[in-house]
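In: pasting the sequence and the predicted model now:
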Amino acid sequence: MPSAPIAEIASALDEITQAQPFTTSWHLHDLTTGAAADRRGDIPTPSASTRKIAFMMAALRAVHEGRLSLDQKLVAGPHLMEGVPSGVLNYMTPGFTLTLRDVIVQMIICSDNVCTGLLGEIMTVAELQDFCTRAGMVNTTINHVVPPRDMPMDAEFDFVAQTTPNDQGLLMRLILEGSSGAAAAARLGVTPELCRLALDILSWQMLRGSIPFFLPQGAKVANKTGTGRNGRMDVGLVYRDDRPLFIIAGYTHNVPASMPDGMPGLSTAALTLARITRAAWDRIG
């Protein structure tokens, strides 16, 4: 089927987001027509773990430059396993070893913050920020690799990292274009092979509650989720029959703990991202 006009698609997404009492921002790029639209697309919002897409690409840039190796071994010490709010490796016995490749994989597919901390021991915040800036992510700010262990329970995640839907949509588009073109890959400081590896890793995502949730069973999605204290986020590339169909980046903020119907706010936020993704899927050919 041919894609609906981008204004019609945007209207459908806005209707879904406007029905909620919290803030939802999004970016959509129809890859069949090249048309794009957004809602609050350039307004910074807490990134939560969607920032890890850029972390992965910054690490792959360092691999391409010879400063890091995917095969190098990293040791997860006990200091990385205390107060970790995300992932699974904090339940393991300290002192285990992972390759950098496996650290990147776990950081993305399980949002593992032991692995994110390991990456932070070999890459600086300045390097991560430099990657975002050079990629053209002009409204993305990285202040910490992982949330500080002593962060107050009621603290916002804004100070860890901020980004925008448009910045994340740009990054996903560059990764996709870089997977088949050396010039686009070079803008990210990597190779087409490394871009293809990044898309593979994103497609192994284990957290499936937002962008993929309402798509047909078996639909391919390469995405990275995020959860903040008062918001859900997800950024992804959606395929139809292995053909890249659209890029979508969705962010919710100021989500209440409980909705008027008694449902948890974060669950409603995740379903809102699922609904706008399905609305795009039904209108893009």
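Out: Now that the structure is in, tell me what you want to look at. In this text, all values refer to a predicted model and were calculated from it rather than measured experimentally. Residues are numbered from 1 along each chain as shown.
In: okay, and residue 248 sits in which element?
Out: For residue 248, the host element (DSSP states H and E) is strand 243-253.
In: could you pull out the buried residues of that strand?
Out: In terms of neighbour count (16 or more other C-beta atoms under 10 Å), strand 243-253 has its buried residues at 244-253. For the C-beta atoms, the positions are set from N, CA and C on the backbone; glycine is no exception.
In: just stretch 204-224 next, same as before
Out: In stretch 204-224, counting by 16+ other C-beta under 10 Å, buried: 205, 207, 209-215, 219-224.
In: name the nearest of those relative to residue 116.
Out: residue 224 (11.9 Å; C-beta to C-beta).
In: residues in contact with the residue nearest to the closest one when sequence neighbours are not counted?
Out: Sequence neighbours aside, residue 53 is the residue nearest to residue 224 in space, at 5.0 Å (criterion: C-beta to C-beta, 6 or more residues apart in numbering). The neighbours of residue 53, taking C-beta atoms under 8 Å, 6 or more residues apart in numbering as the test, are 108, 168, 171-172, 175, 198, 202, 224, 235.
In: can you list the low-confidence ranges for the stretch 151-285 of the chain?
Out: 151-159 (pLDDT under 70).
In: all helices in it, in order from the N-terminus.
Out: Counting by DSSP state H, counting those that start in this stretch, the stretch 151-285 of the chain has helices at residues 165-178, 182-187, 192-203, 265-281.
In: for the spatially most central residue of the chain, which non-adjacent residue is spatially closest?
Out: For the chain, residue 50 is the residue whose C-alpha lies nearest the centre (C-alpha atoms, centre = their mean; 3.0 Å). Distance criterion C-beta to C-beta, 6+ apart; nearest residue to residue 50, sequence neighbours excluded, is residue 226 at 4.3 Å.
In: count the neighbours of the one you found for me.
Out: A total of 28 residues lie near residue 226 under the criterion other C-beta atoms under 10 Å.
In: surely it touches residue 232?
Out: Yes. Look at residue 226 against residue 232 with C-beta atoms under 8 Å: they come within range, at 7.1 Å.
In: report the contact partners of the residue nearest to residue 197 when sequence neighbours are not counted.
Out: Nearest non-adjacent residue to residue 197, counting by C-beta to C-beta, 6+ apart: residue 60, 7.2 Å away. Residues in contact with residue 60 (C-beta under 8 Å, 6+ apart) are 104, 190, 194, 197-198.
In: apply 10 Å and report the result again.
Out: 68, 70, 100-101, 104, 131, 175, 185, 188-191, 193-195, 197-198, 201 (C-beta atoms under 10 Å, 6 or more residues apart in numbering).
In: same check, this time on residue 59
Out: 67-68, 70, 100-101, 103-104, 107, 119, 122-123, 127-128, 131, 190, 194, 198.
In: next one: residue 178
Out: 57, 184-196, 198-199.
In: if you set the cut-off to 8 Å instead, what comes out?
Out: Listed by C-beta under 8 Å, 6+ apart, the contact set of residue 178 reads 184-188, 190, 192, 195.
In: show me which of these are buried.
Out: Applying 16+ other C-beta under 10 Å to these flags 184-185, 188, 190, 192, 195 as buried.
In: ok so, going back, which one of the buried residues of strand 243-253 is nearest residue 271?
Out: Of the buried residues of strand 243-253, the one sitting nearest to residue 271 (C-beta to C-beta) turns out to be residue 252, at 10.3 Å.
In: I'd like the distance between the closest one and residue 183.
Out: Using C-beta to C-beta, to the nearest Å, residue 252 is found at 35 Å from residue 183.
In: same deal with residue 268?
Out: 42 Å.
In: between those two, which one's more packed in?
Out: Taking other C-beta under 10 Å, residue 268 and residue 183 do not tie; residue 268 has more neighbours (20 against 9).
In: run a quick neighbour tally on the nearest residue to the more buried one once chain neighbours are set aside.
Out: Among residues not flanking residue 268 along the chain, residue 259 sits closest, at 5.2 Å (C-beta to C-beta, 6+ apart). As a burial measure, residue 259 scores 17 neighbours (other C-beta under 10 Å).
In: quick one, phi/psi of residue 259?
Out: The phi/psi pair for residue 259 (degrees, to the nearest 10) reads phi -90, psi 170.
In: for it, list the residues it contacts.
Out: 21, 265, 268.
In: give me the contacts around stretch 3-12.
Out: 28, 30, 32-33, 35-37, 39, 279-280, 283-285.
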